[in-house]
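Visitor: here is a sequence with its predicted model. Questions after.
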Amino acid sequence: MPIEDRDDTELCLFIEPCCEDYWIKPGEALPVRSEAEGVDVWFDTYLSKGCVTVWLYGDGDPYKNVF
């Protein structure tokens, strides 16, 4: 899933449950993907001013976190 910054300021991309953050410069994009194998990975996104939070979980279960 690509996350692209289409604004004129940096965008914070926060990946959960890993608690990792990345800063995307205007015009740049970062792909978000899981390295988990054999799991149907779902992505849940939350938007706030200047930040996108992405949760990765498996098999449609929001309590089954994957990385």
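Guide: Noted; the coordinates are in hand.

Visitor: measure the residue positioned nearest the centre of the chain to residue 16 for me?
Guide: Central residue of the chain (CA atoms, centre = their mean): residue 54, 3.2 Å from the mean position. Distance of residue 54 to residue 16, computed by CB to CB, to the nearest Å: 7 Å. No exception for glycine: its C-beta is placed from N, CA and C like everyone else's.

Visitor: dihedrals phi and psi, residue 40?
Guide: The phi/psi pair for residue 40 (degrees, to the nearest 10) reads phi -80, psi 100.

Visitor: ditto for residue 65
Guide: The phi/psi pair for residue 65 (degrees, to the nearest 10) is phi -80, psi 140.

Visitor: and the strand or helix carrying residue 3, what's buried?
Guide: Using DSSP states H and E, residue 3 maps to strand 2-4. By neighbour count with 16 or more other CB atoms under 10 Å, strand 2-4 contains the buried residues residue 3.
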